[in-house]
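1. Build the 3D model from these lines:
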Amino acid sequence: MIVPTALRGISLIHDPRRNKGTAFTQAERDALGLQGLLPPRILTMAEQLLRVRHNFEAKSSPIEKYIFLVSLQDRNETLFYRLVVDHLTEMLPIIYTPTVGEACRKFGHIFRRTRGLYLSVRDRGRVREVLGNWPDRDVAVIVATDGERILGLGDLGAHGMGIPIGKLAIYTACAGVPPFRCLPITLDVGTDNAELREDPLYTGLRQPRVRGPEYDDLVEEFVTAVGDLFPGALLQWEDFATDNAIRLLERYHDRICSFNDDIQGTAAVVLSALLSACRVKGERLGEQRLLFLGAGASATGVANLIVSAMRRDGLGESEARGRTWFFDSRGLVQSGRSDLAAHKRPYAHDHPPVNRFLDAVESLRPTGIIGLSTQGGAFDDRILGAMARHNARPIVFALSNPTTSSECTAEAAYRASHGTALFASGSPFPPVAIDGRTLVPGQANNAYIFPGLGLGIVLSGASRVSDGMFHVAASTVADSVGAEDLAQGTLLPPLERIRELSIRVAAGVARLAVAEGLSSVALPDDVEAWVREGVYFPVYPEYVPA
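-> Predicted coordinates:
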């Protein structure tokens, strides 16, 4: 591939998007003023990757590996993505969960070079102008956060920028969305984390978090500016606190092409794992009774999609909701409570009060427990043992991130159930040897869903994100789990196959966008081949003077 460029000399080397480092050919060095600015030996990308791998493996901790990879991304974007694409299973836990949680906590201390765009409450009235400072107009995907609920870590304010950066790296690595069409954004409205505000290296506004009309006005101005400057771009809301997450999704769902990954992406990947668990059990989804620990936006988003899927399975609305229960910080969500937020009320069923989760398990006898509580170790041996007593194959999903917030480990679930648990987690866990067999736990990683979903939306020119798109994504992922995967306890496809899986998800989403009248393009007969032609793959082009 031959690419003209107006950049020359050191400016070309310092441009991470175009830099090839020691891989610039002699012809490129002569034509673009690079001779003498690089060591004389020309290395191939494969040889560069050997050096990168050597340096990566020399780092002693995940956070040091994260810093190394971010620095590589800042120097040579193509080489960074080739490393990640070639070693997805190893790299995803570093560039995203669980390591990104630690990176966000330390963001101001490990800050090297700015990436993405920051909009603060001080920019009200000129958000469009600030957004216009972004150098690219061909933006396809925006991931935006206000940093209030970063993973299971709480309010990290502007240090939450690590999340949009990581999510968009996954869009590129797992689905081939071109990195130069991705825009990470942080809405800095302050932070209620007093420790951060007192940190001299904190990178955000050192003030309490703005709420109410001032907050809403900033978001409204932001969404309007996005529609003006980047028409057709997909906006992904990320890591907003429950109230804002639900409000913003409802407010802007029909105004701009957008979705909330914590609510809808999480729901789709959990539904995928649940469908796989039902295959193992030989039962229908509508036969399950599920008990959630945690009742925030993510948890109720998961429940809503599951209820929708149960209705597709033949259940009525009331019966489907009746099979879905919640336990929050004040006990079982039941109809006698007067303290329930609006998003919990549809799941407030008739039942006496229950104050302990173990008692709720014993009373309701669920076929599956789903943890989205951020309470590390909440599924203890008593709870796991009760699930095993009541079910031949208990479903145990410990989905909170990062690892320290997981409701239980894979080993704890397998040991307490004598290897019968159907387990999935938010953070990765190693294989577990038990009773002469090795069980490989699956990670319910949103990366199975949002990259392919986003790719399908972008390629199809979809004007809105429909609920049906998440059903398509979830069923496509579940259908990709092979019998050999299920036999070893894995409820989701191997991560090394995720790029091909994302292509299938994107094709299914694009087809649905056309069927629902949301697409602005006509699809060819072979949609998957068409999608494959539209994805980015990290290889060096040949540069010539423009």
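
2. List the contacts of the residue most central in space within the chain.
-> With distances taken as Cα atoms, centre = their mean, residue 446 lies nearest the centre of the chain, 4.3 Å away. Taking Cβ atoms under 8 Å, 6 or more residues apart in numbering as the criterion, residue 446 is in contact with 261, 265, 266, 269. Every residue, glycine included, has its C-beta placed from N, CA and C.

3. Repeat that for residue 270.
-> When the contact criterion is Cβ under 8 Å, 6+ apart, the partners of residue 270 are 302, 305, 306, 370, 397, 399, 424, 444.

4. On the three-state scheme, it is what?
-> helix (DSSP: H, G, I helix; E, B strand; the rest coil).

5. Counting neighbours, which bits of the helix or strand harbouring residue 50 end up buried?
-> Using DSSP states H and E, residue 50 sits in helix 45-57. In terms of neighbour count (16 or more other Cβ atoms under 10 Å), helix 45-57 has its buried residues at 45, 48, 49, 52, 56.

6. Any idea how many residues pack against residue 543?
-> Neighbouring residues of residue 543 were enumerated by other Cβ atoms under 10 Å; the total is 23.

7. Let me fix that, I meant to ask about residue 352.
-> With other Cβ under 10 Å as criterion, residue 352 counts 8.

8. how about it, what does it touch?
-> 334, 336 are the contacts of residue 352 under Cβ under 8 Å, 6+ apart.

9. quick one: it from residue 188, how far?
-> 46 Å (Cβ to Cβ, to the nearest Å).

10. next one: residue 395
-> Applying Cβ to Cβ to residue 395 and residue 188 gives a distance of 40 Å.

11. With residue 115 instead?
-> For residue 115, the distance to residue 188 - Cβ to Cβ - is 15 Å.

12. more crowded one of those two?
-> residue 188 (26 against 16).

13. partners of the more buried one in the sheet?
-> Note on residue 188: beta-bridge partners by DSSP bridges are residue 120.

14. who's in contact with it?
-> Counted by Cβ under 8 Å, 6+ apart, residue 188 has contacts 118, 119, 120, 121, 146, 147, 157, 158, 204, 205.

15. pretty sure residue 387 is touching residue 371, no?
-> No - under the criterion of Cβ atoms under 8 Å, residue 387 makes no contact with residue 371, lying 11.8 Å away.

16. ok, and the closest non-adjacent residue to residue 390?
-> residue 365 (4.6 Å; Cβ to Cβ, 6 or more residues apart in numbering).

17. Residue 295: which of the contacts of residue 188 is nearest?
-> residue 146 (21.3 Å; Cβ to Cβ).

18. Return the residues in contact with that closest one.
-> 160, 186, 187, 188, 189, 239, 240, 244.

19. try it again with 7 Å
-> Going by Cβ atoms under 7 Å, 6 or more residues apart in numbering, residue 146 touches 187, 189, 240.

20. what sits against the last one?
-> With contacts defined as Cβ under 7 Å, 6+ apart, the neighbours of residue 240 are 145, 146, 148, 149, 248.

21. so which strand or helix has it?
-> Applying DSSP H and E, one finds residue 240 in no helix or strand.

22. separation between the spatially closest residue to residue 96 that is not a sequence neighbour and residue 49?
-> Distances taken as Cβ to Cβ, 6+ apart put residue 166 closest to residue 96, at 4.4 Å, once the chain neighbours are dropped. Look at residue 166 and residue 49: by Cβ to Cβ, they are 21 Å apart.

23. Check residue 297 too.
-> 40 Å.

24. With residue 388 instead?
-> From residue 388 to residue 49 the distance is 46 Å (Cβ to Cβ).

25. do the same with residue 105
-> Applying Cβ to Cβ to residue 105 and residue 49 gives a distance of 30 Å.

26. One more: residue 331?
-> 54 Å.

27. Could you grab the helix/strand/coil label for residue 118?
-> Residue 118 ends up strand, using three-state DSSP.

28. my bad, should have said residue 160
-> helix.

29. tell me the contacts of the closest residue to it other than its chain neighbours?
-> Using Cβ to Cβ, 6+ apart and skipping residues adjacent in sequence, the residue nearest residue 160 is residue 147, 2.9 Å away. Applying Cβ under 7 Å, 6+ apart to residue 147 gives the contacts 155, 156, 157, 158, 159, 160, 186, 191, 239.

30. Next, format these as a markdown table and append pLDDT.
-> Formatted as a markdown table, the contacts of residue 147 follow (pLDDT from 0 to 100):
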| residue | pLDDT |
| --- | --- |
| 155 | 97 |
| 156 | 98 |
| 157 | 97 |
| 158 | 97 |
| 159 | 98 |
| 160 | 97 |
| 186 | 98 |
| 191 | 98 |
| 239 | 96 |
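
31. Could you dump those residues into CSV and include distance to residue 198 and neighbour count?
-> Converted to CSV, those look like this (distance: Cβ to Cβ, whole Å; neighbours: other Cβ atoms under 10 Å):
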residue, distance to residue 198, neighbour count
155, 14, 19
156, 14, 26
157, 12, 29
158, 15, 25
159, 14, 28
160, 18, 28
186, 20, 27
191, 11, 26
239, 22, 24
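
32. That'll do, ta.
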